[in-house]
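K.L.:
Got a predicted model here, sequence first, then my questions.
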Amino acid sequence: MRLTSACTAVYGIVLDAGSSHTSVFIYEWPAEKENNTGMVQQLHTCNVKGKGISSYYANPDGAGKSLHECMMEAKNKIPANRHSETPVYLGATAGMRLLKMENEAASEKVLASVEHSLKTYPFSYQGARIISGQEEGAFGWITVNYLSKNLNKPTGTLGALDLGGASTQITFVPQQEIESNDNSIDFRLYGNDYHLYTHSFLCYGKDQALKLSMGMKLESTRVADKTKPIELRDPCFHPGYNFTKTAQSVFNTPCINGVNLPTGIISHVGLGNWSQCQQSIRKVFNITYCAYSKCSFNGVFQPSVDGKFGAFSAFFFVMDFLNLTSDSLDGTKQRLAKYCSTPWKEIVEKYPQIKQKYLSEYCFSGTYILTLLEDGYSFTSDNWKDISFIKKIGDSDAGWTLGYMLNLTNMIPAEAQDTPLMPDGGYITFMLLFTLLILVLLLMVFIYFRRSTRQAQKDII
Ligand SMILES: O=c1[nH]cnc2c1ncn2[C@@H]1O[C@H](COP(=O)(O)OP(=O)(O)O)[C@@H](O)[C@H]1O
Ligand SMILES: [Ca+2]
């Protein structure tokens with residue numbers, strides 16, 4: 001929806017430099033600063049062609065150049081007279097966090113390249129940086145609650161679940177105490193205090209989780225003949241699926257410490273067995289230790305999930321593709337089991353328009369989502385209905401970008417808007433009467449002084 005009122009609009013641009021790809025978001029809001037919630041709207045999005053900026057580690061110049069088409073689109077969408085005042089922010093997420101861990105110099109070069117590129121456009125460049133997992137979680141939470149108009153109302157808030165390619169975030173207002181400082185974030189928005197639990201699991205986005213899970217399967221495979229391709233028999237891929245891959249393409253990630261991992265060629269063979277798939281995925285969550293009263297996995301504190309949740313990004317893409325956005329937990333499992341056992345040939349015939357790489361991974365991704373939510377975060381068949389798989393709220397995408405911009409442009413005040421003590425009409429009447437009283441008093445003082453001066457003159461005469 002475009003803003004149609006006569007008032008001028010203000011714009012802001014945020015680039016979401018994710019691990020798999022970059023998206024450019026353009027936001028628009030009325031120039032008269034409205035402190036009401038839900039005023040900023042998403043005007044346009046543009047998906048940058050090619051992979052995420054971290055994939056340019058060996059050719060950093062390419063990262064900046066890749067943004068060109070979308071930035072030109074932004075130039076055309078935003079009226080020229082607003083360009084110089086339009087802030088541009090770039091936030092990079094888990095792909096760049098991983099690159100920084102692997103090769104800090106390369107990550108700096110990639111950031112310098114996007115910075116150089118963004119400065120060539122007529123907007124007000126405000127910085128390009130890697131945002132922390134905490135920020136990613138917290139700003140996603142602000143976005144969904146801003147768009148749902150939950151802020152500055154006494155109603156409950158919406159928890160936020162974000163699944164990316166390289167990391168995943170869970171953020172909500174818990175009922176119990178937050179036992180670990182790393183997982184606690186406090187906000188004061190519109191005069192209300194929010195005490196949030198948040199955690200970002202690096203390496204637990206769906207692409208890295210697939211690598212983790214394949215790596216674990218191979219570690220348990222003893223290789224007799226090193227000259228032959230290693231066969232990886234995978235229950236998370238469809239029966240009849242059989243592709244050769246290089247070990248390098250699967251295990252080139254700091255998420256796996258590949259001590260026992262093979263090199264060379266892997267023959268990846270699908271078995272299509274959902275329950276075995278879930279068994280194998282469970283192994284990527286370490287639940288053997290917890291130093292708190294409760295943990296999700298890998299020793300991370302997590303209070304019991306509470307209230308309603310919005311699950312977006314890849315949570316939505318995958319569950320929407322599988323048509324599983326509105327089933328019960330049991331129904332979801334049954335339908336997913338059936339989907340995973342469908343022969344690869346049938347799947348390809350049914351969805352000829354979808355890229356085979358994506359298509360082949362939906363059984364794994366769906367099972368991963370289910371396992372993460374049920375075994376990882378402890379959602380149950382009772383509160384499964386509290387999770388809404390969403391892409392947008394109104395016209396705006398759910399994700400961290402809007403919350404990030406609202407924060408950096410000070411669009412959400414800490415205190416509620418200054419309101420007159422009386423309703424508008426009463427306030428104006430009060431001010432009028434008060435002014436009149438002052439005038440009358442001034443008049444009386446003036447008359448008194450004139451009289452006393454005259455009296456004094458008479459006395460002299
Ligand atoms: O249309 C789609 N279908 C399936 N998956 C998608 C689609 N669009 C994006 N994705 C997936 O969503 C995830 C987005 O992750 P992103 O690039 O934001 O990574 P990050 O948040 O971990 O940095 C990736 O795994 C990507 O493959
Ligand atoms: Ca993301």
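P.N.:
Good, I have the coordinates. Ligands and ions are numbered 1, 2, ... in the order given.
K.L.:
What are the neighbouring residues in contact with the residue of the stretch 151-300 of the chain at minimum distance from ligand 1?
P.N.:
Nearest to ligand 1 in the stretch 151-300 of the chain, going by Cβ to the nearest ligand atom, is G164, at a distance of 2.2 Å. To be clear about C-beta, it is placed using only N, CA and C from the backbone, and glycine gets the same treatment. Contacts for G164 (Cβ atoms under 8 Å, 6 or more residues apart in numbering) come out as 18-20, 93-94, 205-206, 313-314.
K.L.:
so which of the residues you listed are also by ligand 2?
P.N.:
G18 (Cβ under 5 Å from the ion).
K.L.:
sorry, back to before: for the residue of the stretch 151-300 of the chain closest to ligand 1, which non-adjacent residue is closest in space?
P.N.:
G205 (4.2 Å; Cβ to Cβ, 6 or more residues apart in numbering).
K.L.:
What is the burial count for that neighbour?
P.N.:
29 (other Cβ atoms under 10 Å).
K.L.:
Over to it: give its phi and psi.
P.N.:
phi -70, psi 170 (degrees, to the nearest 10).
K.L.:
give the contact list for it.
P.N.:
G205 neighbours (Cβ under 8 Å, 6+ apart): 19, 94, 163-168, 314.
K.L.:
So which bits of the helix or strand that contains R335 are buried?
P.N.:
Assigned by DSSP states H and E, R335 belongs to helix 329-341. Across helix 329-341, burial judged by 16 or more other Cβ atoms under 10 Å covers 329, 332-333, 335-337, 339-340.
K.L.:
want to try JSON lines for these, with pLDDT and distance to ligand 2 as columns?
P.N.:
JSON lines is the format used below for the buried residues of helix 329-341 (pLDDT from 0 to 100; distance: Cβ to the ion, whole Å):
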{"residue": "L329", "pLDDT": "98", "distance to ligand 2": "25"}
{"residue": "T332", "pLDDT": "98", "distance to ligand 2": "23"}
{"residue": "K333", "pLDDT": "98", "distance to ligand 2": "26"}
{"residue": "R335", "pLDDT": "98", "distance to ligand 2": "26"}
{"residue": "L336", "pLDDT": "98", "distance to ligand 2": "23"}
{"residue": "A337", "pLDDT": "98", "distance to ligand 2": "28"}
{"residue": "Y339", "pLDDT": "98", "distance to ligand 2": "25"}
{"residue": "C340", "pLDDT": "98", "distance to ligand 2": "25"}
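K.L.:
one step back: for the contacts of G205, give me a markdown table that also has pLDDT and distance to G156.
P.N.:
Listed next are the contacts of G205 as a markdown table, based on pLDDT from 0 to 100; distance: Cβ to Cβ, whole Å:
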| residue | pLDDT | distance to G156 |
| --- | --- | --- |
| S19 | 98 | 32 |
| A94 | 98 | 29 |
| L163 | 99 | 23 |
| G164 | 98 | 26 |
| G165 | 98 | 31 |
| A166 | 98 | 31 |
| S167 | 98 | 26 |
| T168 | 99 | 23 |
| A314 | 98 | 26 |
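K.L.:
now the residues you listed as CSV including distance to V144?
P.N.:
Listed next are these as CSV, based on distance: Cβ to Cβ, whole Å:
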residue, distance to V144
S19, 21
A94, 19
L163, 14
G164, 16
G165, 20
A166, 21
S167, 18
T168, 15
A314, 16
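K.L.:
In a helix, S360, correct?
P.N.:
Yes. Assessed with DSSP: H, G, I helix; E, B strand; the rest coil, S360 lies in a helix.
K.L.:
State the number of residues packed around it.
P.N.:
20.
K.L.:
Could you pull up the residues touching it?
P.N.:
With Cβ under 8 Å, 6+ apart, S360 has these contacts: 237-238, 241, 243, 270, 344.
K.L.:
Filter those down to the ones in helices?
P.N.:
W344 (DSSP state H).
K.L.:
Of the contacts of S360, keep whichever come out buried.
P.N.:
237-238, 241, 270, 344.
K.L.:
Can you list the low-confidence ranges for the stretch 251-400 of the chain?
P.N.:
258-259 (pLDDT under 70).
K.L.:
can you give me the strands in it?
P.N.:
265-270, 309-313, 387-389, 392-393, 396-397 (DSSP state E, counting those that start in this stretch).
K.L.:
ditto for the stretch 51-200 of the chain
P.N.:
Using DSSP E, counting those that start in this stretch, strands in the stretch 51-200 of the chain cover 87-92, 124-130, 159-163, 167-172, 184-189, 192-202.
K.L.:
Now do the last one, average pLDDT.
P.N.:
Strand 192-202 shows a mean pLDDT of 97.
K.L.:
Mind checking if that strand is in reach of ligand 2?
P.N.:
No. Judged by Cβ under 5 Å from the ion, strand 192-202 stays clear of ligand 2, getting no closer than 10.5 Å.
K.L.:
What strands flank that strand, and is each parallel or antiparallel?
P.N.:
Applying DSSP bridges, strand 192-202 is found paired with strand 167-172 (antiparallel), strand 184-189 (antiparallel).
K.L.:
Return the residues of the stretch 101-250 of the chain in contact with ligand 2.
P.N.:
Residues of the stretch 101-250 of the chain lying near ligand 2 (Cβ under 5 Å from the ion): G164.
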